[in-house]
Each structure stands twice: as structure tokens, then as C-alpha cells.
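**Student:** Have a look; sequence and predicted model below, questions after that.
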Amino acid sequence: METQLDYFLRLIEAVACGGLVGYERQLRLKSAGIRTHMLIALGAALMMIISKYAFFDVLAYSQVDLDPSRVASQVVSSIGFIGVGAILTYRHGIEGLTTSASIWCVTAIGLAIGAGMHLLGFFATLLILAVQVLLHHRHFLDGLPGALEGRLIVHLKGDTAMMERIVNELANQKVKKLQAIVLAYDSENLIFKLNFVIQKEEELSFIVTFLSQYKQITEVENVKTL
């Protein structure tokens, strides 16, 4: 018979597994990081515990038909709203699919641990981390330990020639894997996305400060895909 202490330990275990997955996402500058994944795993585990154990007191009534999977099944349905929000958060393109998938997987981990399937939840956590780290394209292309992906949306009063000049000057600052993609433009204004690789978050602040010195740049947006 499970005790309250068993339930507490399951919640702690779910938070730990969610935090491991979230830590990897946060290292890659995703806004759905440690706290988000921890809370999702915690909520899923709590819902499973409630679904499986909270209604034992009504089983004595013959007219009561208990379905212990009902509450847990609604967790799977509702997590879709968070996943869709993760994808739609990025204004200028479709990104965040991998993080959205990790949120969905963390939900399953929380449900498994809440149901008492500890080894399954822990093994699933290791598999997610293996997929996220070992199969990440930066791992193969850059060979940079601890590499982080950075994305900035830059609003410029100027044309593509001005954009190219700014990008070239930024490249002279030894920014790695620098790439500029035009998102929108008209006769006077241009919006482009900068992709790059950094090894410390302080380098991101340097890049933003460097861009801010140009009077033609009206806005620099740090994109953190969920």
C-alpha cells in the first residue's frame, strides 16, 4: 500500500527528470527551460497520482464505476495547448518543434513516474537527453563543446546592401556560423534574422550591443524559441 511519502518521492523524482531535460533546452537558449519542464513533469505526475489513488474511498459503493485512467488521459489532451503555444511563439518562422516534442515527452515521463513506473521514467529521460544532445546538428557540424544557438531578429531602416555591411562587420568580430536571412522588406525598411553560434551567453550581450551602435537599426529582438 502506497503511503504519502511514496507520493512525495514520486513528485520529487518527476521534477528531477523534467529538470534534466529542461536544462539541455535552456543551454540552447530556449525559453522553455528548466522551470517549464519541471512544472510540466510535476503536474503530470500529480495528476496521475490523483487519477490512480485519490478515489479509493468511493469504491465501496456498488453504483460507482471507477476509471483510474480518466484524469491522466486528460493530461495528454491538455498538454497539446502548451505544445502548440511553443511553436507559435516564434513570430517570423516555424521553430520550436523539438522543444514542443520534449514537453510532450516530459509529460509522459511525469505520468509514468506518478504511476510508480520509476525505471521506465528514468530510462525515458536518458533517451530524450541522448536524442537531444547526440543527434543535434551542432554536435556534428561545429565540434564546439557547449555550443549555443543564438537568434536575433533585426529591424533595419535600410536595404540589403546595408544589411550585408552590418553582417560583414559582425563577422569580423569572429562570430561563429553567422547567417543572415531576410524575413520582410519594403522600399525603406528591412527585417532580417541572424543565426549564429556562441559558447557563452555573455557573447550574446556583446552581439546585441554591437548591433545597437548602428542608428539604422531600430530594434533587436532576442528570439528564444520554446
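**Tutor:** It's in.
**Student:** if I pick residue 52, what's in contact with it?
**Tutor:** 68, 72, 114-115 (Cβ atoms under 8 Å, 6 or more residues apart in numbering). All C-beta atoms are positioned from the backbone trio N, CA, C, and that covers glycine.
**Student:** give me every residue that touches residue 22.
**Tutor:** 32-38, 106.
**Student:** Please narrow these to those residing in helices.
**Tutor:** Members of these lying in helices (criterion: DSSP state H): 34-38, 106.
**Student:** Pick out the most distant pair among these.
**Tutor:** 35 and 106 (12.2 Å; Cβ to Cβ).
**Student:** Looking at those two, which has the bigger crowd around it?
**Tutor:** Using other Cβ atoms under 10 Å as the criterion, residue 35 and residue 106 rank with residue 106 on top: 32 against 12.
**Student:** Run through the chain and note the low-pLDDT ranges.
**Tutor:** 1-2, 28-31, 58-64, 81, 83-96, 136-147, 224-226 (pLDDT under 70).
**Student:** Give me the contact list for stretch 106-118.
**Tutor:** 2, 6, 10-11, 13-14, 17-18, 21-22, 37, 40-49, 52, 72, 75-76, 79, 120-121, 124-125, 128.
**Student:** max-length helix in this protein?
**Tutor:** The chain, longest helix under DSSP H: helix 4-27.
**Student:** got the CA coordinates for it in PDB?
**Tutor:** Listed in PDB are the C-alpha atoms of helix 4-27, where the atom choice follows Å, rounded to 0.1, in the frame of the first residue of the first chain:
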ATOM      1  CA  GLN A   4       2.000   9.800   1.400                       C
ATOM      2  CA  LEU A   5       5.800   9.600   1.500                       C
ATOM      3  CA  ASP A   6       5.700   7.400  -1.700                       C
ATOM      4  CA  TYR A   7       3.700  10.100  -3.400                       C
ATOM      5  CA  PHE A   8       6.100  12.800  -2.300                       C
ATOM      6  CA  LEU A   9       9.100  10.900  -3.600                       C
ATOM      7  CA  ARG A  10       7.400  10.400  -7.000                       C
ATOM      8  CA  LEU A  11       6.800  14.100  -7.300                       C
ATOM      9  CA  ILE A  12      10.500  14.800  -6.500                       C
ATOM     10  CA  GLU A  13      11.600  12.200  -9.000                       C
ATOM     11  CA  ALA A  14       9.400  13.700 -11.700                       C
ATOM     12  CA  VAL A  15      10.700  17.200 -11.000                       C
ATOM     13  CA  ALA A  16      14.300  15.900 -11.300                       C
ATOM     14  CA  CYS A  17      13.700  14.100 -14.600                       C
ATOM     15  CA  GLY A  18      11.900  17.100 -16.000                       C
ATOM     16  CA  GLY A  19      14.700  19.400 -14.900                       C
ATOM     17  CA  LEU A  20      17.400  17.300 -16.700                       C
ATOM     18  CA  VAL A  21      15.500  17.600 -20.000                       C
ATOM     19  CA  GLY A  22      14.800  21.300 -19.300                       C
ATOM     20  CA  TYR A  23      18.500  22.000 -18.600                       C
ATOM     21  CA  GLU A  24      19.500  20.800 -22.000                       C
ATOM     22  CA  ARG A  25      16.800  23.100 -23.600                       C
ATOM     23  CA  GLN A  26      17.900  26.100 -21.500                       C
ATOM     24  CA  LEU A  27      21.500  25.600 -22.600                       C
END
